[in-house]
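Colleague: Sequence plus the predicted model coming up.
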Amino acid sequence: MRLLRIRLTNFRGVHDREVHLAEQGVTVLEGDNEVGKTSTVSALDLLVDFRDSSTAAEVRAAAPAGRDAGPEVEAEIVTGSYRVVYRKRWVRRKLTELTVLAPTAEQLTGREAHERMLAILDETMDRSLWRALRVEQHTPLGQADLGGQDALTRALDRAASGASGAGGPVVPGADAAAEDLVERALAEVRRYHGGHHRPVGPLREATERLTNARTEAEAAEASVAEVERDVTLRADLDREASSLAVERRGQSDRAHELEDRWSAFEARRLEVAAAAERAEASRERARRSTDRQAERARLIERADGAARTADAADTAIATHEERDTARRSDRDEQRAAWEAARAAATGADTASRTADDALATARDRAELADLSERLRRAEAADTARREVERAAAGGRVDAAAVESLEDLDRQVVRAEAELAAGAGTVEVVGLDGAHGVTADGEPVAPGETRNVPVAGPVTIGVSGVVEVRVRPGLDGAEARRRVEQAREARDRACADLGVTDVPAARAARHAAEDAAGRTRELAAVLERELGGRTTAEVRAEVDRLAERLRPEPVEEPRSARRKGRREPAGPALFDDPARVDDPDGPDDAARAARTAELDGLRRDAADARDAAGDARRAAEEAEQAWRRYDDAVRAAESEVAAARTTGAVARSDADRLAAELADARAAQPDDALDAEATDTLARARRMEADHEQRAAALAADDPDTVEALVVSARRATDALTERSAEVERRRAEVTGRLQMAGGEGRHDRLTAARDELAAAEREHASVARRAAAAARLHTTLARHREEVRQAYVAPFRREVERLARIVFGSSLALEVDPGLRIVARTLKGVTVPFEALSSGAKEQLGLCARLAVAALVDAEDGVPVMIDDALGHSDPARLERLAAVFTAATTGTTHQVVVLTCSPARYRGIGAARTVALSPSLPPPAAVPSHEPASSAEVGAGEATGSAEDPLRDTG
């Protein structure tokens with residue numbers, strides 16, 4: 001197949017474009033991104049694969065964005081002996097037209113045209129080879145799937161046989177027929193075996209029939225065997241029932257015998273139990289007599305002990321009374337000593353309080369004097385601060401204002417400098433002997449030279465002789481205006497601040513800063529003197545101290561009285577600022593006298609407190625001694641009271657127990673109580689001996705064994721009864737199953753199942769033989785096909801190596817598998833698997849393989865090699881060699897190569913390549929899109945027009 005031209009109308013972003021391709025050799029379609037290169041390739045797919053009525057996603061994606069128009073594709077193609085023009089439009093005003101130009105003219109439309117075109121292509125072109133030799137933009141340029149391509153197989157067959165098209169005749173479709181034979185053999189194999197060699201079709205049916213027949217035969221045999229087992233089981237159950245009946249009768253007789261022996265033992269057990277009860281009653285009476293005897297002995301012992309305890313209590317009472325009298329005498333002596341010490345401590349406390357009062361009074365006087373002095377200094381500092389603040393209240397000049405004013409002054413200077421720089425200059429020279437010469441109102445001395453800039457009107461004069469007025473020209477008007485504006489701004493700022501000029505503003509700022517510093521100093525003095533309190537609080541404290549000291553006339557030093565009477569004087573304070581800042585006053589002598597007086601009073605108060613402390617400690621020690629003696633007296637009193645209570649209780653217990661003993665002896669003397677205990681104890685021993693004799697006689701006859709034998713015999717009888725019932729139940733079940741089986745015809749079913757199994761085995765063997773024969777036939781044909789394919793590898797490898805050595809060098813050798821895929825590359829003796837090669841090497845070998853196929857395939861069977869923007873991984877040196885590969889692959893051949901690229905430099909080295917530059921093809925801005933394509937005359941041969949494509953619809 002050869003593609004001569006292709007025309008796109010309203011296809012994605014292409015409005016109308018026709019591209020003419022070289023019928024043989026290389027055609028390079030180059031253009032920027034989104035110009036519509038890839039659309040040219042995808043348009044061919046739509047033209048061949050989709051009917052004009054299709055609504056597939058690919059068709060909808062081909063419609064132009066923002067326009068109601070149907071995409072249209074027209075191509076002129078040569079394939080085999082046919083030369084056709086094929087045109088198709090989708091979505092809007094759908095149409096399909098086929099014009100066959102050769103060998104016989106035909107004009108077809110609609111479905112008939114579509115089907116005729118497919119038939120022509122199927123007849124003349126290997127469509128799978130067309131797909132294999134095409135490289136799309138979104139896929140890497142790897143290896144092509146070349147195995148099983150009919151056109152390539154025929155070419156390789158000719159190359160392998162050395163015919164090269166000049167030997168014996170090549171039968172068209174021979175390879176396809178051979179391949180069809182293998183496929184038919186494989187189809188026959190798959191008729192019997194599916195995936196993973198699982199049986200299907202006739203083999204599966206035969207296998208299922210055999211399996212079902214075996215299952216049925218096994219079930220029939222199992223049912224017959226079940227009847228035979230039931231017959232055997234019935235006989236066994238009959239024998240077991242007879243045996244159980246005989247055993248049960250013998251066991252019943254044995255049980256009756258043992259029960260009679262057990263009845264005799266029961267009577268004797270009752271006699272032994274009665275003897276035990278009599279012995280227990282005798283033991284209880286003996287125990288009660290013995291308890292009464294023991295109780296009498298305990299009562300006698302308690303009465304004697306209580307008498308002894310009462311005598312001891314009387315002795316203890318006498319002892320405690322003597323000790324209490326002695327302790328009372330000692331306590332009275334200690335109380336007298338404590339009262340004397342307490343009186344002395346009271347006098348010492350009075351003296352200490354007197355000294356403390358004197359010290360407190362002195363402290364109050366000192367504090368009053370100090371607070372008065374501080375109050376005076378604070379009030380003076382406050383008055384001075386208010387005066388300073390009042391004096392500084394009128395100024396508004398601060399650092400920011402001065403800085404702003406200085407900026408305005410600098411602007412004036414800058415404007416005057418600019419004016420002077422751009423203005424003319426008048427040079428005035430005072431000659432010797434010349435007098436009365438002035439320049440702009442200022443005298444010029446003889447011999448002096450003065451330069452006066454003409455920024456404004458300048459007057460040069462000689463007194464009484466001449467006056468020359470120089471005025472600047474119009475060129476300096478703007479500079480003079482800027483000077484005047486700057487001066488006005490500076491003067492206005494000075495007026496707002498209340499100063500005459502910038503130095504006056506600086507002086508005002510310094511004065512304001514000095515006043516602020518003085519205010520801070522006076523505020524610090526005020527804070528120091530008041531200590532965080534207000535003046536009113538300090539004055540209230542002075543009044544409080546004065547009120548507290550008023551009842552007591554205090555003789556103060558004369559200097560202190562003078563200081564107290566002195567009033568703060570404002571003017572003197574301002575005359576001597578140091579007096580405000582000095583925390584000390586001028587009355588140092590008075591303060592020293594107060595300090596000395598306070599020190600003396602502190603020592604007197606400390607001595608008085610120490611003496612009072614000693615007296616209090618002595619009084620406390622005397623009190624503690626008295627309290628210890630008083631506690632001892634109280635303890636003695638408690639001991640006497642406790643002893644008396646104990647003695648009274650002991651005497652009462654002794655009298656009560658003596659009376660209780662006398663009453664008990666009157667009721668039953670001690671001798672009678674002892675005789676009764678001896679008699680009851682002897683009777684209890686006789687009863688115990690009788691019980692022991694009877695129990696020993698009963699135990700000698702072993703009644704427990706007889707009892708165990710009776711229980712065992714009863715349980716054995718019950719077990720035999722249950723076993724007999726179980727056997728009878730099973731006999732009934734087996735009898736019922738045998739009766740049911742008699743009417744089911746199980747032997748007949750077994751015979752039929754065995755006949756079906758034999759037939760199924762014969763059928764399965766026959767089908768299995770056919771399946772094995774089909775598998776063997778396919779294996780043989782596939783082996784021979786593989787041998788033929790092995791012969792095809794050599795000419796394909798030679799052609800690929802011929803082209804690839806241009807890129808990689810003469811040492812290149814390739815390993816190719818039967819599927820015509822490159823397995824490994826050997827270069828300079830180093831073999832590397834294909835998958836381990838770099839991306840660039842892979843795409844270079846893939847390109848060489850495709851060009852080799854194009855060179856091998858016959859011109860009648862060939863298809864264009866379409867490469868869309870490949871070789872992105874190849875370096876410049878390899879690109880140069882690849883250009884030579886294109887030239888070598890297409891020289892002397894008739895096959896067609898089409899390259900689409902946005903990087904034309906990659907393919908500049910291809911010799912004799914035809915280059916078609918694609919440019920954007922946009923619809924007229926105001927024109928209604930036409931659904932009819934432009935005439936062929938509108939497109940020049942070998943030229944292409946295009947439109948900027950929708951970037952979302954095509955990535956070319």
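Modeller: That came through fine.

Colleague: For the helix or strand containing M740, give the mean pLDDT please.
Modeller: Here M740, judged by DSSP states H and E, is contained in helix 703-742. Over the span of helix 703-742, the pLDDT mean works out to 80.

Colleague: Flag every buried residue along it.
Modeller: Residues of helix 703-742 classed as buried under the neighbour-count rule (16 or more other CB atoms under 10 Å) are 703, 706, 709-710, 713, 716-717, 720, 724, 727, 730-731, 734, 741. Just so you know, the C-beta spots here come from the backbone N, C-alpha and C atoms, and that holds for glycine as well.

Colleague: what's the angle from the stretch of helix or strand A222 belongs to to helix 703-742?
Modeller: A222 belongs to helix 201-392 when assigned by DSSP H and E. Using axes from the mean of the first three to the mean of the last three CA atoms, to 10 degrees, the direction of helix 201-392 lies 120 degrees away from that of helix 703-742.

Colleague: what's in contact with the following helix or strand past helix 201-392?
Modeller: The helix or strand immediately downstream of helix 201-392 is helix 399-422, counting by DSSP H and E. Under the contact criterion CB atoms under 8 Å, 6 or more residues apart in numbering, helix 399-422 has outside partners 453, 455, 475-476, 479-480, 482-483, 485-487, 489-490, 493-494, 497, 502, 505-506, 509.

Colleague: cutoff 10 Å now
Modeller: Helix 399-422 is contacted by residues 397-398, 453-456, 472, 475-476, 478-494, 496-497, 499, 501-502, 504-510, 512-513 when judged by CB atoms under 10 Å, 6 or more residues apart in numbering.

Colleague: Please work out the average pLDDT along that helix.
Modeller: 76.

Colleague: Contact partners for L709?
Modeller: R254, A255, E257, L258, E259, R261, W262.

Colleague: rewinding a little: just send the buried residues of helix 703-742 back as CSV, with distance to K828 too.
Modeller: Shown next, in CSV, are the buried residues of helix 703-742 (distance: CB to CB, whole Å):
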residue, distance to K828
P703, 115
V706, 113
L709, 109
V710, 110
A713, 108
A716, 103
T717, 106
L720, 102
S724, 102
V727, 97
R730, 93
R731, 97
V734, 92
A741, 89
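
Colleague: which of these sit farthest apart?
Modeller: P703 and A741 (57.2 Å; CB to CB).

Colleague: any low-confidence regions in the stretch 351-500 of the chain?
Modeller: For the stretch 351-500 of the chain, the stretches with pLDDT under 70 are 391-396, 420-424, 432-433, 455-456, 464, 473-476.

Colleague: can you confirm R651 is in a helix?
Modeller: Yes - note on R651: a helix contains this position according to DSSP: H, G, I helix; E, B strand; the rest coil.

Colleague: Which pLDDT value goes with the spatially closest residue to it that is not a sequence neighbour?
Modeller: Among residues not flanking R651 along the chain, A310 sits closest, at 4.3 Å (CB to CB, 6 or more residues apart in numbering). In this model, A310 is scored at 82, pLDDT.

Colleague: What is the neighbour count of A310?
Modeller: The number of residues packed near A310 is 19, by other CB atoms under 10 Å.
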